[in-house]
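Engineer: using only what follows, build the 3D model:
(2 chains)
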Amino acid sequence: MERFLAGVERRAYIMSEIATGNRDEALDIVQDAMLRLVQRYAERPHGEWRPLFFHILQNRIRDWHRAQGVRRRLLGWLERPRAEDGETAADAVDELPAPPADGPDHGLARERLGDELERALKALPRRQQQCFLLRAWEGLDTADTARAMGCSTGSVKTHYARALASLRQHLEGHRP
Amino acid sequence: MSDHQRLVSDITRHLDRRVTALDGATATRLAAARRAALEDRRPHSRRGLPALAGGLASAGVAALAAWLWLAPASAPPPLEASDLELLTSEDYETIEQLDFVMWLGTQDEMG
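Structural biologist: Below you'll find the predicted structure:
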């Protein structure tokens, strides 16, 4: 179990961080997912741990979003200035000229592309984002992704196709 | 490689780089969270022992009840002097194990 958790914890953290945009919340979510997996499913066959773990993780992320939604509705007037700050910062980055990919600023270009890729991922609807990360990055097959997301394999295929289309559209002009 | 495959490859490579470049503080906190989760498992398994014993006891009572319920109805054998002696004795251990003693008796009869 320890080896399994050590093998997934960093990717789980990055997924949670992309989903929440908050490092501390992401850490809490991963910790909670690890705790629940150990408490409830440690005795299950090892092959089931990965979809179970990501199922718990995705549920925790969903719960976090729900809680945030309620909080935003209650305290919308407090949240608004922060959102506006974020948009301003994003706009400022957009206005920067893109350095050539093969020039001396290649590292910077890669970093900028990375930022853009991540922004595109964060902009995806939550289910599409989950689906893309589980399928494309975590390498779960369609059935395990469906298990982790708690939906049908057909829904997984739909979410994945839509995620790819959105990412492609978002990143048009940013990729070499 | 198709455009979609290239897109997926670009994104996953970026994410892999992020995993590799994860700062030490976050990695340490993740490792601590993992240890805490695994540590939490041990007390649970210790707490599980009394629960297991309770479960076994309940199962035993249920099995005994089922056995008494399903046992063929027959007239109980007449009491003998030794039975009275047992019931009036202060040999609590024997009385507590009465079921076991009765079962031994049936085994003797069958044997």
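Engineer: so for whichever strand or helix holds residue A:156, what gets flagged as buried?
Structural biologist: Assigned by DSSP states H and E, residue A:156 falls within helix A:153-171. For helix A:153-171, the neighbour count (16 or more other C-beta atoms under 10 Å in any protein chain shown) marks A:156, A:159-160, A:162-164, A:166-167, A:170-171 as buried. (Glycine included, C-beta is placed from N, CA and C.)
Engineer: and that helix, is it in reach of chain B?
Structural biologist: Yes - counting by C-beta under 8 Å from any C-beta of the partner chain, contacts between helix A:153-171 and chain B involve A:164, A:167-168, A:171.
Engineer: among these, find the lowest-pLDDT one for me.
Structural biologist: Lowest pLDDT among these: residue A:171, with 84.
Engineer: and the gap between the nearest residue to that one once chain neighbours are set aside and residue A:57?
Structural biologist: Distances taken as C-beta to C-beta, 6 or more residues apart in numbering or on different chains put residue A:120 closest to residue A:171, at 5.3 Å, once the chain neighbours are dropped. Residue A:120 is 21 Å from residue A:57, where distance means C-beta to C-beta, to the nearest Å.
Engineer: on that earlier part again, show me what the helix holding residue A:156 is packed up against.
Structural biologist: If contacts are counted by 3 or more C-beta pairs under 8 Å, 6 or more residues apart in numbering or on different chains; DSSP states H and E, helix A:153-171 sits against helix A:106-123, helix A:126-132, helix A:142-149, helix B:3-20.
Engineer: what's the average pLDDT for the last one?
Structural biologist: Computed over helix B:3-20, the mean pLDDT rounds to 89.
Engineer: neighbour count: residue A:120 and residue A:57, which is higher?
Structural biologist: residue A:57 (27 against 20; other C-beta atoms under 10 Å in any protein chain shown).
Engineer: which residue is the nearest non-sequential neighbour of the more buried one?
Structural biologist: Residue A:57 sits nearest to residue A:33 (C-beta to C-beta, 6+ apart), 4.2 Å away.
Engineer: so which strand or helix has that neighbour?
Structural biologist: Judged by DSSP H and E, residue A:33 forms part of helix A:23-41.
Engineer: other SSEs contacting that helix?
Structural biologist: Checking 3+ C-beta pairs under 8 Å, 6+ apart, helix A:23-41 ends up next to helix A:2-20, helix A:46-74, helix B:24-70.
Engineer: and chain A, which residues reach chain B?
Structural biologist: Checking chain A against chain B by C-beta under 8 Å from any C-beta, the hits are A:1-2, A:5-6, A:9-11, A:13-14, A:23, A:27, A:30-31, A:34-35, A:37-39, A:42, A:113-114, A:117-118, A:121, A:132-133, A:136-137, A:164, A:167-168, A:171, A:175.
Engineer: for residue 42, give me the pLDDT.
Structural biologist: The chain I'm using is chain A. pLDDT, residue A:42: 87.
Engineer: switch to chain B, please.
Structural biologist: 63.
Engineer: need the helix or strand of chain B with the lowest average pLDDT.
Structural biologist: The weakest-scoring helix or strand in chain B, judged by mean pLDDT, DSSP states H and E, is helix B:92-96 (a mean of 51).
Engineer: scratch that, chain A
Structural biologist: Min over SSEs of chain A, mean pLDDT, DSSP H and E: helix A:76-95 (a mean of 55).
Engineer: show me the contacts for residue A:127.
Structural biologist: A:149, A:151, A:159 (C-beta atoms under 8 Å, 6 or more residues apart in numbering or on different chains).
Engineer: circling back: what's the least confident stretch among the helices and strands packed on helix A:23-41?
Structural biologist: Averaging pLDDT over each of the helices and strands packed on helix A:23-41 puts helix B:24-70 lowest, since it has a mean of 76.
Engineer: that one - contacts with which helices or strands?
Structural biologist: Right, helix B:24-70 is packed against helix A:2-20, helix A:23-41 by 3+ C-beta pairs under 8 Å, 6+ apart.
Engineer: want to throw those into TSV with mean neighbour count?
Structural biologist: Output for the helices and strands packed on helix B:24-70, formatted as TSV (neighbours: other C-beta atoms under 10 Å in any protein chain shown):
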stretch	mean neighbour count
helix A:2-20	20
helix A:23-41	20
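Engineer: can you redo the ones you listed as CSV with distance to residue B:27?
Structural biologist: Listed next are the helices and strands packed on helix B:24-70 as CSV, based on distance: least, C-beta to C-beta, whole Å:
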stretch, distance to residue B:27
helix A:2-20, 7
helix A:23-41, 11
